[in-house]
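Undergrad: Just need the structure, nothing else, for what follows:
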Amino acid sequence: MRRIVSYVLIGLGVFAVALGLLLRFYVYPRSAKVPLDVDAVSVAQGYGITSVVVDEVDGVPTPEIRQNLSVTSTTHVTGDLTQPQVVEGGDVAVWVEATKTVDDDSGILLSAYVRSLCVDRQTSDAVAPCDGQYIEEVQGERVIGAPDAVQQPGISFKFPFGTEKRSYQLYDTSVKSAVEARFDGEDTIKGVDVYRFVVDVAPTKIGAQEVPGSLVGEDEPSVRMDQYYQDKRTIWVEPATGVWISVQDKGKQELVAPGQSPGEGTVVYEGTMSLNAMSVEDNIKQANDNTGRLALLTVWSIVMSIFGLALIAVGVPLLLVRGRRT
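TA: Have a look, this model is predicted:
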């Protein structure tokens, strides 16, 4: 009878350990994935912003630099289920991001873009092959990426599940490349423990363009200027899920004439944008929902493994004792 009990205990113990390992190394990775059919909106706002505004003067679109603007930037992220890389239960999602920024007082559109990319559902890195990747900053002028190469390298939209205290590569839509997001410490936002990451982009040339001479104080119909961009972005991340809880972006753009250095040109954008309170609350809810679901798998994995090892620890001595007596 004792031998039967010992075999039952050992069998149950092995089953419990196997179930714990299954939860941790099979069920958890398949649960820790971003959705294919995402549909999320976030809103950032800024005050005291300096920006170029294109308004109509006598029926002619005319750019001018305005200061002390109140600005709202709305971002809508959706999943594209039509792309060949998107497979139910697969590891790749195709997300489309549409962002528009407007002057609150006049309602004039200041900037807009749409982009699409394939992302790894666990790490959030852009991946290839990707048939549906593109960037469109001017309506009707879509830049389509080669399917077999990553057009927008680095992390986009969120950090990976199980975010670590280290630097990550984050895609910057202005410089069109990945930049370093360095770990900068820990904070708490409305009861949620978060990691703080900081992106510092030094003044970087991002293009050149013809602009009206009046915009930059020149007595010419148009002048060609280099466009420079710099930015300091702070992102607060819930580490278990990688969800961005809050974001603050301090940016600057200027037009620099030949012979000038960055910092000596005409500032065409400068200000700080931050996610508003409602967006932060939505992000916290999303993080809490996912954290609870993933934590349940992690806890049950540990519990089943410990319970199984305990059963084995009881069953093996019983079997050995019976063996010695025999």
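Undergrad: how does this protein divide into domains?
TA: When the chain is parsed into structural domains using automatic domain parsing, the resulting residue ranges are 1-31+285-326, 32-275.
Undergrad: Save these as CSV, and put in mean pLDDT too.
TA: CSV is the format used below for the domains of the chain (pLDDT from 0 to 100):
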stretch, mean pLDDT
domain 1-31+285-326, 50
domain 32-275, 94
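Undergrad: which of those sits most buried?
TA: Using mean count of other C-beta atoms under 10 Å, the stretch among those with the largest mean neighbour count is domain 32-275, at a mean of 16. Quick note: C-beta positions are derived from backbone N, CA and C, even for glycine.
Undergrad: now that domain, how far from the chain's geometric center?
TA: Here domain 32-275 shows a centroid-to-chain-centroid distance of 11 Å under the convention C-alpha atoms, centre = their mean, to the nearest Å.
Undergrad: so what's Asp39 up against?
TA: Taking C-beta atoms under 8 Å, 6 or more residues apart in numbering as the criterion, Asp39 is in contact with Val77, Thr78, Gly79.
Undergrad: Glu218 now?
TA: Going by C-beta under 8 Å, 6+ apart, Glu218 touches Ala257.
Undergrad: For it, give its distance to Gln227.
TA: Shown here: Glu218 relative to Gln227, a distance of 16 Å by C-beta to C-beta, to the nearest Å.
Undergrad: And Val57, by the same measure?
TA: Relative to Gln227, Val57 is positioned 23 Å away (criterion: C-beta to C-beta).
Undergrad: Kindly report the same for Ala146.
TA: As for Ala146, its distance to Gln227 is 26 Å (criterion: C-beta to C-beta).
Undergrad: cool, and Ile108?
TA: In this structure, Ile108 and Gln227 are 20 Å apart, going by C-beta to C-beta.
Undergrad: go on, Trp236?
TA: Taking C-beta to C-beta as the measure, Trp236 and Gln227 are separated by 30 Å.
Undergrad: same check, this time on Glu270
TA: Taking C-beta to C-beta, one finds Glu270 at 14 Å from Gln227.
Undergrad: which residue ranges form the strands in the stretch 101-250 of the chain?
TA: In order along the chain, the stretch 101-250 of the chain carries the following strands (DSSP state E, counting those that start in this stretch): 109-120, 134-138, 141-144, 168-172, 177-189, 192-212, 222-238, 243-256.
Undergrad: got CSV for these, with distance to Glu64 too?
TA: Listed next are these as CSV, based on distance: least, C-beta to C-beta, whole Å:
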stretch, distance to Glu64
strand 109-120, 12
strand 134-138, 20
strand 141-144, 24
strand 168-172, 27
strand 177-189, 31
strand 192-212, 9
strand 222-238, 15
strand 243-256, 13
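Undergrad: among the ones you listed, which is nearest Gln286?
TA: Smallest distance to Gln286 across the strands of the stretch 101-250 of the chain (C-beta to C-beta): 5.6 Å, for strand 243-256.
Undergrad: strands paired with the closest one, and their directions?
TA: According to DSSP bridges, strand 243-256 forms sheet pairs with strand 222-238 (antiparallel), strand 266-275 (antiparallel).
Undergrad: TSV please, covering those and showing distance to Glu137.
TA: As requested, the strands paired with strand 243-256 are exported to TSV (distance: least, C-beta to C-beta, whole Å):
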stretch	distance to Glu137
strand 222-238	13
strand 266-275	14
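Undergrad: quick one on the thing from earlier: name the residues contacting each of Glu270 and Gln227.
TA: In contact with both Glu270 and Gln227: Gln253, using C-beta under 8 Å, 6+ apart.
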